[in-house]
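Trainee: kindly return the folded structure for what I paste below:
(one chain, ligands or ions: 2)
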Amino acid sequence: HSNRVMWFQEFFPPNVCPINAKANTFYGIMFDAGSTGTRIHIYTFVQKSPEKLPEVEGEIFESVKPGLSAYADQPEKGAETVKTLLDMAIDAVPPHLWKKTPVVLKATAGLRLLSEEKAQALLSEVKEVFEESPFLVPEDSVGIMDGSHEGILAWITVNFLTGQLSGQNQQTVGTLDLGGASTQITFLPRFEETLKETPGDFVTSFEMFNSTYKLYTHSYLGFGLKAARLATLGALNMEVVDGQMFRSSCLPKQLEAEWHFGGVKYRYGGNKEGETGFKPCYLEVLKVVKGKLHQPDEIRGSSFYAFSYYYDRAADTNLIDYERGGVLEVRDFERKAKEVCDNMERYNSASPFLCMDLTYITALLKEGFGFRDNTVLKLTKKVNNIETSWTLGATFYLLQSLGMTY
Ligand SMILES: Nc1nc2c(ncn2[C@@H]2O[C@H](COP(=O)(O)OP(=O)(O)O)[C@@H](O)[C@H]2O)c(=O)[nH]1
Ligand SMILES: [Ca+2]
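Mentor: Ligands and ions are numbered 1, 2, ... in the order given. This next block holds a predicted model:
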């Protein structure tokens, strides 16, 4: 790329600037249909030399709320939200590359929890939107993603962005993702013992960038942050009787409110007369996680990358900087949970669920996965300005399957 500055360059963002649109630049569009929102990621890649991994030159990211599952009974309206986001890609990708730019949507836990019929109705409306667009629509371009792939692809993203998947001496790092409806844990086991002690369906071999990775990964459906709220309230998978009230010691005493999740209305509130605070709350939350998750010994001493709701709740309570993220230990979540739960009136203006959320995160990490108090968590939203999301790994995988990269 020459250093000449052309008069038109300042009118274009770098990724659509004509002078930068070279033969070795290509694009990929990946939609994340999550339980709480739908997001588009438009990636620009540059293949600098045929034997090296492609580089991610940029990402355009936009999101809408609520997620597709909120449109379970209006699939066309759901697909409209996808169309709005896809229109951004028309502006971002140079027209001569539209036909070569693949577009894919993968849905996660929100759609996994819907009936097959409702999920399929939504997906086929989305497929129509794709087919009316000028982009490349591969086979299986719209579907529900396997839970194991969700964890693996996020692991690929983080380890690619931190440079661990190229060259010698790879020191990969495990990943923790906490969504609204499900949660994932993924790492590359270092010890034979770990593989021996692990149930077969927790280990998946995955081929990427000419290497095969045998990863420990699992997605726990119903253990996302919002699903865990319902489970703590005793309302998950319940036939809700009209007007029924669900109470918890993790909520402010005087609170009484309503909440819509997965198309159902729930009434919830605090323990008016009874106990509130960290101790009773922890016991409540413990019932949700205790004995429900597999605990691999190997992870106790290693550090993990954590994102999504781990990041959001840590940032909400100033444990980390909202923009830059930070490094924490598991015990920091517990300390903050105690502070919030034992002073709920002081945190009134924040979400009424802050105490419950922090307590759940603490219990999930300690009693669920079996992490130690001093396990180090690296909280990141972005690495080198690219979102830490399974979507980048999924886009690489897509490009590889289309023969656009090796
Ligand atoms: N770092 C990062 N977090 C994201 C991105 N997209 C969604 N999230 C987070 O994911 C969480 C919501 O989970 P969601 O995907 O809706 O639910 P799921 O279907 O259970 O995985 C929130 O904490 C979001 O901030 C992204 O591109 N990058
Ligand atoms: Ca997600």
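Trainee: I'd assumed T388 was in contact with K382.
Mentor: Yes - with contact defined as C-beta atoms under 8 Å, K382 counts as touching T388 (6.4 Å). The C-beta positions use only the backbone N, C-alpha and C, and glycine is treated the same way.
Trainee: give me the three-state assignment for E334.
Mentor: At E334, secondary structure determined by DSSP: H, G, I helix; E, B strand; the rest coil is helix.
Trainee: quickly find the element holding the closest residue to it other than its chain neighbours.
Mentor: Ranked by C-beta to C-beta, 6 or more residues apart in numbering and with sequence neighbours excluded, the top spatial neighbour of E334 is T362, at 4.6 Å. Per DSSP states H and E, T362 falls inside helix 354-363.
Trainee: what packs against that helix?
Mentor: Packed against helix 354-363 by the contact rule (3 or more C-beta pairs under 8 Å, 6 or more residues apart in numbering; DSSP states H and E) you find helix 225-233, helix 278-289, helix 309-316, helix 330-341.
Trainee: which parts of the last one are buried?
Mentor: Neighbour counts using 16 or more other C-beta atoms under 10 Å place V330, R331, D332, F333, E334, K336, A337, K338, V340, C341 of helix 330-341 among the buried residues.
Trainee: could you do the third one as well?
Mentor: When burial is assessed from 16+ other C-beta under 10 Å, helix 309-316 yields the following buried residues: Y309, Y310, Y311, D312, R313, A314, A315, D316.
Trainee: so that helix versus helix 330-341, what angle?
Mentor: 60 degrees (axes from the mean of the first three to the mean of the last three C-alpha atoms, to 10 degrees).
Trainee: from the buried residues of helix 330-341, which is closest to ligand 1?
Mentor: Proximity of these to ligand 1 was ranked by C-beta to the nearest ligand atom; the top entry is F333 with 14.9 Å.
Trainee: that closest one and L319 touch, don't they?
Mentor: Yes - in this structure, F333 is within contact of L319 by C-beta under 8 Å, at 7.5 Å.
Trainee: before we move on, the earlier item: wondering if the helix or strand just after the helix holding T362 reaches ligand 1 at all.
Mentor: Per DSSP H and E, the first helix or strand lying C-terminal to helix 354-363 is strand 376-379. No - under the criterion of C-beta under 6 Å from any ligand atom, strand 376-379 makes no contact with ligand 1; the nearest approach is 9.7 Å.
Trainee: now do strand 376-379: everything it contacts.
Mentor: Strand 376-379 is touched from outside by 173, 176, 303-307, 310-311, 314-315, 320, 325-330, with contacts defined as C-beta atoms under 8 Å, 6 or more residues apart in numbering.
Trainee: and T212, what pLDDT?
Mentor: Note on T212: pLDDT of 93.
Trainee: so what's it closest to, chain neighbours aside?
Mentor: In space, T212 comes closest to S205 once its chain neighbours are excluded; the distance is 5.8 Å by C-beta to C-beta, 6+ apart.
Trainee: what about that neighbour, which helix or strand?
Mentor: Using DSSP H and E, S205 falls in strand 203-208.
Trainee: dump that strand to CSV, keeping only the CA atoms.
Mentor: Only the C-alpha atoms of strand 203-208 are listed here, as CSV (Å, rounded to 0.1, in the frame of the first residue of the first chain):
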residue,chain,number,x,y,z
VAL,A,203,-14.3,-33.2,24.3
THR,A,204,-14.5,-32.1,20.7
SER,A,205,-11.8,-32.2,18.0
PHE,A,206,-11.7,-29.2,15.8
GLU,A,207,-9.7,-28.4,12.7
MET,A,208,-8.7,-24.9,12.0
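Trainee: how about the helix holding T362 against ligand 1, any contact?
Mentor: No - using C-beta under 6 Å from any ligand atom, helix 354-363 stays clear of ligand 1, with a minimum separation of 10.7 Å.
Trainee: now do the SS call for T44.
Mentor: Secondary structure, three-state DSSP: T44 is strand.
Trainee: list the contacts for it?
Mentor: T44 neighbours (C-beta under 8 Å, 6+ apart): N15, T25, F26, Y27, V56, E57, G58, E59.
Trainee: contacts only, for the residue in the stretch 201-350 of the chain positioned nearest to ligand 2.
Mentor: Here the residue of the stretch 201-350 of the chain nearest ligand 2 is S308; by C-beta to the ion that distance is 6.0 Å. By C-beta under 8 Å, 6+ apart, the contact set of S308 is D177, L178, G179.
Trainee: cool, and A315?
Mentor: D321, Y322, G325, L379.
Trainee: repeat for T359
Mentor: By C-beta under 8 Å, 6+ apart, T359 lies in contact with C250, F278, C281, Y282, V285, A337, C341.
Trainee: hang on, isn't the last one packed against L251?
Mentor: No - here C341 lies out of contact with L251, judged by C-beta under 8 Å, at a distance of 9.8 Å.
Trainee: hey, what's in contact with both of these two?
Mentor: Counting by C-beta under 8 Å, 6+ apart, the contacts common to C341 and L251 are T276, C355.
Trainee: about what we covered before: residues of the helix holding T362 that come out buried?
Mentor: Quick answer for helix 354-363 (16+ other C-beta under 10 Å): L354, C355, M356, D357, L358, T359, Y360, I361, T362, A363.
Trainee: and the spatially closest residue to the third one that is not a sequence neighbour, helix, strand or coil?
Mentor: Going back to what we said before, that points to M356. Nearest residue to M356, sequence neighbours excluded (C-beta to C-beta, 6+ apart): C250, at 3.7 Å. At C250 the chain is in coil, as set by three-state DSSP.
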